[in-house]
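J.: Here is my input, please return the structure:
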Amino acid sequence: MSVTRTLTRRGPAAALALVTAAVLGAGAAGSSSAAPAAAPRTRQIASSVLGGDYKFTLTAVRSADDRYAASVRLQVYMRTDGGAWKESARATVGAVDGWFWYPLTGKGAVCRFSTSAAEPAPVDVSLLVTPSIGCSQPQHFMVEQGRIHAG
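T.: Purely as a prediction, here's the structure:
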């Protein structure tokens with residue numbers, strides 16, 4: 001009879017401890033997912049400087065919604081009178097979140113990044129979709145007086 005009373009008394013205490021642990025565990029899990037320890041949100045994957053007047057960069061931008069997806073940003077910089085680079089334009093290469101983060105930030109990610117000092121300056125970009133698919137079709141842009149136009 002004493003064994004039954006001991007189990008009966010421990011049952012509610014054990015259940016309460018289990019519920020408390022589950023609630024605390026859920027709270028800890030919620031707080032840890034609020035600050036993900038993911039890879040960097042952006043990574044420059046290519047850069048080109050032409051004659052000291054223009055600088056072009058390609059930057060991978062990791063998606064906020066899908067850890068495997070990314071966008072690619074083409075940025076144009078012009079040199080100021082003080083000698084610093086100042087961004088003059090930016091454009092998205094392909095679709096927003098239309099690339100895969102890991103191939104884009106790995107070896108061989110940039111298949112083609114062609115720039116020119118001509119005015120208007122043609123810029124061609126081809127990026128690795130995946131190792132098994134290969135490179136994307138080149139995307140063409142024109143840069144005129146520091147502004148990007150789809151080519």
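
J.: now the most centrally placed residue in the chain: how far from residue 73?
T.: The chain has residue 62 as the residue nearest its centroid, 1.4 Å off, counting by C-alpha atoms, centre = their mean. Distance check for residue 62 against residue 73: by C-beta to C-beta, to the nearest Å, it reads 12 Å. Just so you know, the C-beta spots here come from the backbone N, C-alpha and C atoms, and that holds for glycine as well.

J.: ok, now residue 125?
T.: The gap separating residue 125 from residue 73 is 11 Å, by C-beta to C-beta.

J.: any shared contact partners between those two?
T.: Common neighbours of residue 125 and residue 73, counting by C-beta atoms under 8 Å, 6 or more residues apart in numbering, are 58, 93.

J.: Please say which of these two ends up with more neighbours.
T.: Neighbour comparison, residue 125 and residue 73: the larger count goes to residue 125, with 23 against 17 (by other C-beta atoms under 10 Å).

J.: Surely residue 60 is in contact with residue 42?
T.: Yes - Residue 60 is within contact range of residue 42, at 6.6 Å (criterion: C-beta atoms under 8 Å).

J.: Which one's more surrounded, those two?
T.: Each of residue 60 and residue 42 has its neighbours counted (other C-beta under 10 Å); residue 60 has more, 25 against 14.

J.: all strands of the protein, in order?
T.: 42-50, 54-62, 69-79, 85-93, 99-100, 110-114, 121-130, 134-135, 139-144, 147-150 (DSSP state E).

J.: right, and residue 102 touches residue 68 too?
T.: Yes - counting by C-beta under 8 Å, residue 102 touches residue 68, with 7.1 Å between them.
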